[in-house]
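Participant: Sequence and predicted structure below; questions after.
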Amino acid sequence: MVTNITAEQLAERIDADEQFTLIDVRPEDSFEAWHVRDAENVPYDPDEGLSEDRLNEVNALIDGQPVVAICGKGLTSTPFAFDLDDHGYDDVSVVTGGMEEWSKLYEVVPIETASEDLVVRQVQRRAKGCLGYVVGSERAEEAVVVDATRQTDQFKVAAQNAGLSISRVLDTHVHADHISGSPALADEVGVPYHLGDAASERGVEYEYDPLSDGDVVEVGDVEIEAMHAPGHTSEMMNYLVDGEVLLTGDTLFVDSVGRTELQFGEDDASRGAELLYDSLHDTILDLPDDTTILPGHLTVTSDGRYENGTPGDPLEARLGDLREDLGFLGLDRGAFVERLTEDVPEKPPNYESVIAINTGRDTVDDENEATELELGPNNCAA
């Protein structure tokens, strides 16, 4: 019997350590680039069906366990599942929407704060590792959203469930790994959209209210200070919330720092690295050790694993701990620049197209096209 399950149900089964075999039927290169944790690859062509060798391969993989099949959109995994059913497999499920729906899976995680008034929700996009935030005042019942992704309803619901209305939307920078939902969210709820004022140098064509270094956005009694922190990009803003929490965007992660060549290019990556070194040492590391660092991404490997933390748990770090434990922060200027420019990781898929969309120079109106542009984990860390 073939049944359908959602991406959310797949995540629940994985998190509960249920015993089943997840088979990804996409071509090998697509699978190797990005897949769900613990999936096995059995490429499948509906026109060819299952050969005896493929059936033997499946038998060896599943060892009598239930089967869950997944592909890019659910179009290939469905005939694969029925092929298995025809061959006597009696417990086969198909992930509706496939990896496209997996890429849109979210968890909303409360972040503990010292202030009874300050509310922080971390919105985790599970498959890509994108982290956005709802930050607000419980007394004022208002919030700002920072770094919204394209699934804007996730942020509306997170704010609503916290008892807050959205009064502003902010981006830390022009993102390269995913299409920003911030301009659309601001338009949908009728509130101002903010970027750092240096975004004008990148030719951003969206309407936005610029924030300068030191500007303060107030939400009730909660104060959010804009801190210019160039390096990953020239316009990067970090947001210091009530002197307690720092939203670092792609400046500082819990396991690394932001790469610099996505904007500055391979030839000028060293200039970006020098800017990033100064931002870290002259701005961020001047803050108290007890400052909570909330980054814009976490590292998700190509095989779907979190390198730090667990889906649904807070992804955060104490600045003092990063100061001691993160090797990048202990390097001198020359060594830091060398590390960032000599061993450059693989670039995010379609990053040039994504940047063009996020600056407003290009548009994407088709949902399928937008999803294709975003497929794969983020690669914004050095």
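Facilitator: Received it, and whenever you're ready, just let me know what you need. Numbers count the residues shown, from 1 in each chain.

Participant: Can you give me the pLDDT of V364?
Facilitator: Looking at V364, its pLDDT is 87.

Participant: Quick check: phi and psi on it?
Facilitator: phi -140, psi 120 (degrees, to the nearest 10).

Participant: Pick out the residue closest to the middle of this protein.
Facilitator: C130 (1.2 Å; Cα atoms, centre = their mean).

Participant: list the contacts for that one?
Facilitator: Residues in contact with C130 (Cβ atoms under 8 Å, 6 or more residues apart in numbering) are Q124, D147, T149, D177, H178, G296, H297, N378. In short, each C-beta sits where N, CA and C put it, glycine included.

Participant: What of I355?
Facilitator: Taking Cβ under 8 Å, 6+ apart as the test, what I355 contacts is V174, H175, A176, L262, Q263.

Participant: Quick check: L275 vs S212, distance?
Facilitator: The spacing between L275 and S212, counted by Cβ to Cβ, to the nearest Å, is 17 Å.

Participant: So which of the contacts of C130 belong to strands?
Facilitator: The strands, defined by DSSP state E, take in Q124 from the contacts of C130.

Participant: Name the member of the contacts of C130 with the most neighbours.
Facilitator: Per-residue neighbour counts (other Cβ atoms under 10 Å) across the contacts of C130 peak at G296, which has 29 neighbours.

Participant: okay, the closest residue to that residue other than its chain neighbours: pLDDT?
Facilitator: Spatial nearest neighbour of G296, excluding adjacent residues (Cβ to Cβ, 6 or more residues apart in numbering): G249 at 4.2 Å. pLDDT recorded at G249 is 97.

Participant: and G249, how many neighbours?
Facilitator: If we define neighbours as other Cβ under 10 Å, then G249 has 29 of them.

Participant: Quick check: phi and psi on it?
Facilitator: Dihedral angles of G249 (phi, psi; degrees, to the nearest 10) stand at phi 60, psi -130.

Participant: Distance check, it against D53.
Facilitator: Distance from G249 to D53, by Cβ to Cβ: 49 Å.

Participant: cool, S165 as well?
Facilitator: 59 Å.

Participant: How about E274?
Facilitator: 55 Å.

Participant: quick one: which of these two has more around it?
Facilitator: E274 (18 against 8).

Participant: Tell me, what's the model's pLDDT at that one?
Facilitator: 96.

Participant: Centre of the chain to stretch 216-226, how far?
Facilitator: 25 Å (Cα atoms, centre = their mean, to the nearest Å).

Participant: picking up where we left off before, how about a markdown table for the contacts of I355, with neighbour count and distance to I5 added?
Facilitator: Listed next are the contacts of I355 as a markdown table, based on neighbours: other Cβ atoms under 10 Å; distance: Cβ to Cβ, whole Å:
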| residue | neighbour count | distance to I5 |
| --- | --- | --- |
| V174 | 26 | 36 |
| H175 | 27 | 31 |
| A176 | 23 | 32 |
| L262 | 25 | 36 |
| Q263 | 22 | 40 |
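
Participant: Now G203: closest residue in space, sequence neighbours ignored.
Facilitator: In space, G203 is closest to T359, 5.8 Å off (Cβ to Cβ, 6+ apart).

Participant: Give me the pLDDT for A114.
Facilitator: 95.

Participant: quick revisit: quick one: the residue nearest to G296 and L294 touch, right?
Facilitator: No. Using Cβ atoms under 8 Å as the test, G249 is too far from L294 to be in contact (9.7 Å).

Participant: top helix in the protein by residue count?
Facilitator: helix 269-282 (DSSP state H).

Participant: Which neighbouring elements make contact with it?
Facilitator: Applying 3 or more Cβ pairs under 8 Å, 6 or more residues apart in numbering; DSSP states H and E, we find helix 269-282 packed against helix 261-264, helix 333-342.

Participant: Please identify the most buried of those helices.
Facilitator: helix 261-264 (a mean of 22; mean count of other Cβ atoms under 10 Å).

Participant: quick one: contacts of that one?
Facilitator: When contacts are defined by Cβ under 8 Å, 6+ apart, helix 261-264 is touched by residues 174, 176, 202, 232-234, 268-269, 271-272, 341, 344, 347-348, 351, 355, 380.

Participant: which of these count as buried?
Facilitator: Those of these that meet the buried threshold are 174, 176, 202, 232-234, 269, 271-272, 341, 348, 351, 355, 380, by 16 or more other Cβ atoms under 10 Å.
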